[in-house]
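J.: Provided below are the primary sequence and the corresponding predicted coordinates.
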Amino acid sequence: QNMPEHHPRRRAFEMQKPRRTERAEPGRRRTERQIAADKRRREERAREGFVKKAGPKTPEHRMAPRAPGRVRVTTLIVDELARALKVILKFDGPADVLMKLFFKSNPQLGMRDRGIIAEGIYDALRRYGTLRAAMRPVHPDRAPKLAALAVLARQHGIEAISPAAIGSEEGPLKNVLAFDASKAPAHVRAELPQWMFDLIEAQYPDSQDLYRAMTEGAPLDLRVNLLKATREEVLAELEKNGVEALPTPLSPDGVRLPPKPCLTRWPIYKDGLVDVQDEGSQLIARLLTPRRREMVCDFCAGAGGKTLALGALMRSTGSLYAFDVNEKRLAGLAPRMRRAGLTNVHPIAIRSEQDQRVRRLNGKFDRVLVDAPCTGTGTLRRNPDLKWRLSPEELERINAIQKSVLASAAKLVKKGGRLVYATCSLLKRENQDVVEAFLAANPGWRLVPVKEVFEQQGIHFGPGQLERFEGYMQLLPHVNNTDGFFAAVLERDE
């Protein structure tokens, strides 16, 4: 059967290189394409002032730049970035998934080239609004080479790009780079679609600072597994190995790494001493204040990041139920539990929030976390493609799910118990409005100010950071340097 034109696997196949139909000659390991790419790279480096040096024939010693630190953008980089943008800028699939497929289909790319291409893709997504406006009337995915050149020139300067790579696109490229963004509409300057810009603009007086922060990269945060180590021990181990690391400003269990190393190879990661988790996500687990030997539920557990944090806070005692409708994602929790040394977690895949296995546990839990499905607008630094794939209709659909999930999860809480409703969204529609509608319909519940819960644990925010949101937690990238997490603590009457 033929796949439909827009089938996701067809998109992925577009990225695959043509397969060789003839068998390779005996003893031959490299393709003609790889050999040609190497030859082209050598010629470009020679033209741009790079000379061979004697020494080990490793990538870092093979060529020595006469101008150290200068980024060299070769024809190979331009061509491969164009090939990636042709698919990713259609915005009909998650960019991180498509990027993985792209790099998997390009094993010949070196680490340096991969890094430049990956940063180029993220820059194109973060600043797609001005890229699209500068290229009008042409869509970037329909002129991917010009889009790639424009992105690389905005990042590194046009002088960093090999003249051979620019070729006949020199005139169009200069026209694109001459675009004056200061004269563009406000939502274009903010790098947001109009509808999302209007919602954020109405909510945040400091929106200009927020827009700037959303076009930057996010730091890498780790959560220390309290079952196996203290933060001081992890920081000391990292320092001993020459890794720059800092304690997170708010989370007592967090470590921030300004550079982004290959963490999964580190012994402290393999042995379960740390896990990757944004500081904001760590604070949500802290808001639930789970105690030892309690019955706790992570109602929308997903891949289990917050489940692991809750299990550590409970010292692997009591019972921690992890519910989710996505069985595949939930299956990934088991190896993470083993690595973390947790024995109190019970992952359960459910059909919906109305599942009979959920209803049997009504009124049994001391604490329930509802990490609700959301638009993810608080994670745009990490997932910039989301803003271009979302729509007002999708927001309406998700909003209805949020209200239904909160209503169902609240039934699990025993009298005197607590529920934390959380999202990674910046939008009031998904946050305060959902909670206020729930409180209006359920008079047996009250809002517990988050400042009170944090201060009981010795966690103190900057002046006015929590007060501005009147009892709720709304973290912001430009204020807290975290993802834009929201949380509300709700308590059921005795």
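T.: Nice, thanks for sending it over.

J.: contacts and neighbour counts: CA atoms only from here.
T.: Fine.

J.: ok now do residue 136, which residues does it touch?
T.: Applying CA atoms under 8 Å, 6 or more residues apart in numbering to residue 136 gives no contacts.

J.: how close does it sit to residue 183?
T.: Computed as CA to CA, to the nearest Å, the residue 136 to residue 183 distance reads 15 Å.

J.: and if you look at residue 438?
T.: 43 Å.

J.: Comparing these two, which shows the higher neighbour count?
T.: residue 438 (17 against 9; other CA atoms under 10 Å).

J.: Distance from the strand or helix carrying that one to the middle of the chain?
T.: Using DSSP states H and E, residue 438 sits within helix 432-441. How far helix 432-441 lies from its chain's middle: 28 Å, per CA atoms, centre = their mean, to the nearest Å.

J.: helices or strands next to that helix in the packing?
T.: Here helix 432-441 touches helix 392-410, going by 3 or more CA pairs under 8 Å, 6 or more residues apart in numbering; DSSP states H and E.

J.: ok, and what's touching the helix it packs on?
T.: In contact with helix 392-410 (CA under 8 Å, 6+ apart) are residues 195, 299, 353-354, 368, 370, 372-375, 419, 421, 429-430, 434, 438.

J.: I'd like the next helix or strand past it.
T.: strand 413-423.

J.: Can I get that following strand in PDB, CA atoms only?
T.: C-alpha atoms of strand 413-423 as PDB (Å, rounded to 0.1, in the frame of the first residue of the first chain):
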ATOM      1  CA  VAL A 413      -8.000  12.800  47.800                       C
ATOM      2  CA  LYS A 414      -9.100  11.800  51.300                       C
ATOM      3  CA  LYS A 415     -10.500  14.400  53.700                       C
ATOM      4  CA  GLY A 416      -7.700  16.800  54.900                       C
ATOM      5  CA  GLY A 417      -5.500  15.700  52.000                       C
ATOM      6  CA  ARG A 418      -3.900  17.900  49.300                       C
ATOM      7  CA  LEU A 419      -3.800  18.100  45.600                       C
ATOM      8  CA  VAL A 420      -1.300  20.100  43.400                       C
ATOM      9  CA  TYR A 421      -2.500  21.100  40.000                       C
ATOM     10  CA  ALA A 422       0.400  21.900  37.700                       C
ATOM     11  CA  THR A 423       1.200  22.700  34.100                       C
END
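
J.: got a list of what residue 453 touches?
T.: So residue 453 contacts residue 287 (CA under 8 Å, 6+ apart).

J.: Just the mean pLDDT for the helix holding residue 438, thanks.
T.: Mean pLDDT, helix 432-441: 97.

J.: ok, residues contacting that helix?
T.: Contacts for helix 432-441 (CA under 8 Å, 6+ apart): 399, 402-403, 406-407, 421, 445-446, 472, 488.

J.: In a markdown table: the residues you listed, plus pLDDT, distance to residue 154 and neighbour count.
T.: Output for the contacts of helix 432-441, formatted as a markdown table (pLDDT from 0 to 100; distance: CA to CA, whole Å; neighbours: other CA atoms under 10 Å):
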| residue | pLDDT | distance to residue 154 | neighbour count |
| --- | --- | --- | --- |
| 399 | 97 | 37 | 21 |
| 402 | 97 | 39 | 21 |
| 403 | 96 | 43 | 17 |
| 406 | 97 | 44 | 22 |
| 407 | 95 | 48 | 15 |
| 421 | 98 | 40 | 26 |
| 445 | 97 | 52 | 21 |
| 446 | 97 | 50 | 15 |
| 472 | 97 | 39 | 21 |
| 488 | 98 | 41 | 24 |
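
J.: Could you work out the end-to-end span of stretch 337-348 for me?
T.: 14 Å.

J.: How about stretch 362-375?
T.: 28 Å.

J.: element containing the nearest residue to residue 340 once chain neighbours are set aside, please.
T.: Take residue 340 and drop its neighbours on the chain: the residue closest to it by CA to CA, 6 or more residues apart in numbering is residue 272, 4.7 Å away. Following DSSP H and E, one finds residue 272 outside all helices and strands.

J.: how about the strands in the chain?
T.: For the chain, the strands defined by DSSP state E cover 50-52, 63-65, 220-224, 246-247, 254-257, 274-276, 295-298, 319-324, 345-349, 365-371, 413-423, 445-448, 473-474, 486-492.

J.: for the fifth one, packing partners?
T.: Think strand 254-257. Using 3+ CA pairs under 8 Å, 6+ apart, strand 254-257 sits against strand 220-224, helix 231-240, strand 246-247.

J.: let's go with 10 Å and repeat that
T.: Applying 3 or more CA pairs under 10 Å, 6 or more residues apart in numbering; DSSP states H and E, we find strand 254-257 packed against strand 220-224, helix 231-240, strand 246-247, strand 274-276, helix 279-288.

J.: Make TSV from those and add mean neighbour count, distance to residue 330 and mean pLDDT to it.
T.: Compiled in TSV, the helices and strands packed on strand 254-257 are given as follows (neighbours: other CA atoms under 10 Å; distance: least, CA to CA, whole Å; pLDDT from 0 to 100):
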stretch	mean neighbour count	distance to residue 330	mean pLDDT
strand 220-224	24	20	96
helix 231-240	15	28	94
strand 246-247	16	30	96
strand 274-276	23	17	95
helix 279-288	24	18	97
